[in-house]
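Novice: Sequence plus the predicted model coming up.
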Amino acid sequence: MSSLAVLHASQLVTLAGPNRPRTGTGLSELGIIRDGGMLVRHGKIERIGSSDEIEKNVADAEIVDARGRVVMPGFVDAHTHLVFAGNRLDDFERRARGETYEQIAKAGGGIWSTVEKTRAASELDLLAQAKKHANWFLRCGTTTAEAKSGYGLTVEDELKILGVIRQLKEAVRLEIVPTFLGAHAVPREFSPDEYLGVVVTEMLPRVAAEKLAEFCDVFCEPGYFDIDQSHKILSTAKNLGLSLRGHVDQLTNSGGAKLLAQLNATTADHLEQTDEQGIAALKRANVQPVLLPGSVYALGSSRYPRAREMIETGLAVVLATDFNPGSSPTPSMPMVLSLACTQMKMSPAEAITASTVNAAYSVNRGDKIGSLEPGKLANFVLFDCEDYRELGYWFGMPQTHAVYVRGDCVLNSSRI
Ligand code: NIG
Ligand code: FE
């Protein structure tokens, strides 16, 4: 059946509002309809209103009775490293013994150990593991995820990962936004400048020509790619028509936020060490900050980014998981909501806006997803709670009841 009528949501959290990322007090306006309903036709939202109003227009639609649950847009996870082989259980155990991210990397763990496993894996094996990850995202209520390459670090292996991301898009109902992150680390076989040459003259032209990615990202950090090298990579990508994101100021305040502002990037991600000048630079260029509290938590740090200052400055803050095997092994946006509220002092409403509509704008899809409004895709979730604030409050407990992508039920609790 191509029509659905969702009825009796305790709260239909629409996030209806202006056609732009939300800032300031706009982050708190969720457009909630009590006992709300929604009419869906051919995968798109046709009408939003009270249950009574929608019920009058159901005609031949299949009824989805939410029975007093929260209904809201699927989460949009704007920062993930979804495709990799293996895990980093040894790093996890070492961290528990007190070793730092940098010490573990030097001792043979870190990004490099995942690169070795990912290079050795076949496309088929990578796709199988990626499908498993995609299913985890859906189970947490995420319906769109950005996905980065970055564990290949040779022309062939980066293209292999982007090829897997392309196949994944066809194979799963999670919607995927591909990002090229060839500059994630300097591979052992090259000097930094040699590898920079490979990224700029070999990888990026192929990625752009074969339309394998919408965004280019870089790990801008001393010991990985410095400001000049990051500038070279990102400006080349921009000239080739890619939009820009960046891992900046994660471990040191090295000027990454300012660089991304200068390049008019779409997002600046991490920002744990960014100071007020960096925040002001992001504001001047309207770059969206993507905050990743899951990685701060999993690394055992307490240095969270300054979310309140960013909101007060007027930035359109985004929250994401940073799902990856090393620093943030979680696909759970509800966990991120919990961390945002408890550790970064964001309100539950701000956290919901940052992980739905603002995240949608940050992956250039603000016109299609991120809110429940007529004309947008019917990507929505029923949660087993009555109040949206419960999502970040009951932490560590799945509350997903059913997940819909383009009007199709792709998961319900009997299958979770
Ligand atoms: O976002 N900072 C760089 N990249 C990832 C970590 C990747 C890894 O450790 O495998 C991050 O935290
Ligand atoms: Fe990351």
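Specialist: Received the coordinates, thanks. Numbers count the residues shown, from 1 in each chain. Ligands and ions are numbered 1, 2, ... in the order given.

Novice: contacts and neighbour counts: CA atoms only from here.
Specialist: Fine.

Novice: what about Lys169, which SS state?
Specialist: Secondary structure state of Lys169, per DSSP: H, G, I helix; E, B strand; the rest coil, is helix.

Novice: That one is in contact with Ile176, isn't it?
Specialist: Yes - using C-alpha atoms under 8 Å, Lys169 is in contact with Ile176, at 5.8 Å.

Novice: Which one of the two is surrounded by more residues?
Specialist: Neighbours per residue (other C-alpha atoms under 10 Å) separate Lys169 from Ile176, with Ile176 holding more: 23 against 16.

Novice: How many residues are close by the residue in the stretch 301-416 of the chain that ligand 1 sits nearest to?
Specialist: Distances between the stretch 301-416 of the chain and ligand 1 by C-alpha to the nearest ligand atom are smallest at Gly326, namely 3.7 Å. Neighbourhood size, Gly326 [other C-alpha under 10 Å]: 23.

Novice: Arg34 too?
Specialist: By the criterion of other C-alpha under 10 Å, Arg34 has 17 neighbours.

Novice: Mind telling me what element it is part of?
Specialist: strand 32-41 (DSSP states H and E).

Novice: and if you look at Ala9?
Specialist: Assigned by DSSP H and E, Ala9 falls in strand 3-13.

Novice: Describe which strands that strand pairs with in its sheet and in which direction.
Specialist: Paired strands of strand 3-13, with direction, are strand 32-41 (antiparallel), strand 62-73 (parallel) (DSSP bridges).

Novice: among those, which is nearest ligand 1?
Specialist: Nearest of these to ligand 1, taken as C-alpha to the nearest ligand atom: strand 62-73 at 25.0 Å.

Novice: Alongside ligand 1, which residues does the stretch 151-300 of the chain contribute?
Specialist: Within the stretch 151-300 of the chain, the residues that sit near ligand 1 (C-alpha under 6 Å from any ligand atom) are Phe219, Ser295.

Novice: ok, which stretches of the stretch 151-300 of the chain are strands?
Specialist: Secondary structure of the stretch 151-300 of the chain by DSSP state E, counting those that start in this stretch: the strands cover 175-183, 215-220, 243-244, 247-248, 267-270, 288-291.

Novice: Export those as a markdown table, with columns for mean pLDDT.
Specialist: Putting these into a markdown table (pLDDT from 0 to 100) gives the following:
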| stretch | mean pLDDT |
| --- | --- |
| strand 175-183 | 98 |
| strand 215-220 | 98 |
| strand 243-244 | 98 |
| strand 247-248 | 98 |
| strand 267-270 | 98 |
| strand 288-291 | 98 |
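
Novice: hmm, back to that, how far does the strand holding Arg34 sit from the chain's center?
Specialist: 26 Å (C-alpha atoms, centre = their mean, to the nearest Å).

Novice: For the spatially closest residue to Asn324 that is not a sequence neighbour, give me phi and psi.
Specialist: Spatially, and ignoring its direct neighbours in sequence, Asn324 is nearest to His81 (5.1 Å; C-alpha to C-alpha, 6 or more residues apart in numbering). Here is the backbone geometry of His81 (degrees, to the nearest 10): phi -110, psi 80.

Novice: what's His81 in contact with, if anything?
Specialist: Listed by C-alpha atoms under 8 Å, 6 or more residues apart in numbering, the contact partners of His81 are Ala147, Lys148, Ser149, Gly150, Asp322, Phe323, Asn324.
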